[in-house]
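K.L.:
pasting the sequence and the predicted model now:
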2 protein chains.
Amino acid sequence: MAAVDLTTHPGHLARRLQQAHYLLWNAMVSEEITSPQFAVMNALVAEPGLDQRTVGERVGLDRSTIAEVISRLDRRELLHKVRDPRDGRRFLLRLTDEGARTHRRLSVRTARMNQVFLAPLSAEEQTVFFDLIRRVADAAESLRNPAEPPRGPAEPLATQG
Amino acid sequence: MAAVDLTTHPGHLARRLQQAHYLLWNAMVSEEITSPQFAVMNALVAEPGLDQRTVGERVGLDRSTIAEVISRLDRRELLHKVRDPRDGRRFLLRLTDEGARTHRRLSVRTARMNQVFLAPLSAEEQTVFFDLIRRVADAAESLRNPAEPPRGPAEPLATQG
DNA sequence: CCCAGATAGTCAGGGCACTGAGTATTTCGT
DNA sequence: ACGAAATACTCAGTGCCCTGACTATCTGGG
């Protein structure tokens, strides 16, 4: 009888939280575009012309996963992928017009979904919720990358050359 | 410039939290046994003889995912799977001796890991952390299963007949 | 100039997570 | 007793997520 109470295990709670979010996303935002895909598009709205690695860094995905997500967005013509003329290793990424439209459309739905998702918490509790999760996640990440100095992106070309 | 701040998006935060946990689990608990696998083993320590569906319900996994996790544990001889003689649709699950030993060993490491993971928060903050996440996750789940009455497991045979 | 090391991306492999369709078994109403 | 509905599980398909090994390109020191 040495069983443990999983409701006090942050990892288990984190998984359940993400599943709950996945569910609500599908119901209220999109069945086509996933939340990580939206995060990538969002990063490219903020900083057009980023390379893959940097986008991955912005949204918190490793090189392999970001490659998959981007290839799916590319296949659906939601973004462009072109070799950096100044560095043949990189691809520079930019949303297509349709990608930008899709991002705008999903942004409003995402906002609505977040409201529903967080509805069980008061405004102050929501603030605390963000703060606590962020602190735990940041701490665990920095256990891995011990104080890595921030590195610049691929010196993004002007927004729409 | 309609980009959104992902640090205020609970879904994004949930994903990052889970990634952080995954990392720490690998480093401090096991590279062989994953956190969902441990959750399944834990459910079987608490209630030996459960069927697949009920285990899935206990740990929060759907029928397909639980089948995969269980087949991996079965392949490694950490649990047994036998047809329920009283209901030919079910499999009754029980840890093997090695499974029970593994569960005990990982339990103590998991406890240590949880301490490290939650170290950035004070004791009271940890309580709030659990409470807030649980409330959000529960609310989102019940949006889906509108007030489903709890249903009993497969009337588990006595703990080791 | 040239090559060793760093860097961007790909690929193979393993695991988690969901949906929708399909099979076998049990249960329930008539 | 019988057939429809419910239930437990499987399978195919899609997508996320990581590691480790590999390729191509760039950079810097000698």
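P.N.:
Now that the structure is in, tell me what you want to look at.

K.L.:
so residue A:92 sits in a strand?
P.N.:
Yes: with DSSP: H, G, I helix; E, B strand; the rest coil as the criterion, residue A:92 is assigned to a strand.

K.L.:
where's it relative to residue A:104, distance?
P.N.:
If you measure residue A:92 against residue A:104 using Cβ to Cβ, to the nearest Å, the figure is 22 Å. The C-beta positions use only the backbone N, C-alpha and C, and glycine is treated the same way.

K.L.:
same deal with residue A:124?
P.N.:
31 Å.

K.L.:
next one: residue A:7
P.N.:
Using Cβ to Cβ, we find residue A:7 at a distance of 39 Å from residue A:104.

K.L.:
same check on residue A:116?
P.N.:
From residue A:116 over to residue A:104 the distance is 20 Å, taken as Cβ to Cβ.

K.L.:
for chain A, what lies in contact range of DNA strand C?
P.N.:
Residues of chain A found near DNA strand C (Cβ under 7 Å from any atom of the strand) are A:15, A:19, A:22-23, A:26, A:51-53, A:63-64, A:67, A:71, A:87, A:89-91.

K.L.:
got a list of what the spatially most central residue of chain A touches?
P.N.:
Nearest to the mean C-alpha position of chain A, by Cα atoms, centre = their mean, lies residue A:39 at 3.4 Å. Residues in contact with residue A:39 (Cβ atoms under 8 Å, 6 or more residues apart in numbering or on different chains) are A:59, B:6, B:12.

K.L.:
quick check: phi and psi on it?
P.N.:
Residue A:39 has phi and psi values of phi -60, psi -40 when expressed as degrees, to the nearest 10.

K.L.:
distance check, it against residue A:73.
P.N.:
11 Å.

K.L.:
out of the contacts of residue A:39, flag the one nearest to residue A:35.
P.N.:
Of all the contacts of residue A:39, residue B:12 has the smallest distance to residue A:35: 7.2 Å, by Cβ to Cβ.

K.L.:
so what's the closest one closest to, chain neighbours aside?
P.N.:
Closest residue to residue B:12 apart from its sequence neighbours, by Cβ to Cβ, 6 or more residues apart in numbering or on different chains: residue B:6 at 4.4 Å.

K.L.:
what pLDDT is listed against the one you found?
P.N.:
As predicted, residue B:6 sits at a pLDDT of 94.

K.L.:
quick check: it touching residue A:41?
P.N.:
No: using Cβ atoms under 8 Å, residue B:6 is not in contact with residue A:41; the gap is 11.3 Å.

K.L.:
and these two? Which one has more around it.
P.N.:
Set residue B:6 next to residue A:41 and count neighbours by other Cβ atoms under 10 Å in any protein chain shown: residue A:41 wins out with 27 against 21.

K.L.:
which residue sits closest to the more buried one, ignoring its sequence neighbours?
P.N.:
Per Cβ to Cβ, 6+ apart, closest to residue A:41 is residue A:103, 4.6 Å.

K.L.:
tell me which residues touch that neighbour, please.
P.N.:
With contact set as Cβ under 8 Å, 6+ apart, residue A:103 has these partners: A:38, A:41-42, A:45, A:95, B:2.

K.L.:
now distance to residue A:134 too, for these, in a markdown table please.
P.N.:
Formatted as a markdown table, these follow (distance: Cβ to Cβ, whole Å):
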| residue | distance to residue A:134 |
| --- | --- |
| A:38 | 19 |
| A:41 | 22 |
| A:42 | 18 |
| A:45 | 22 |
| A:95 | 27 |
| B:2 | 23 |
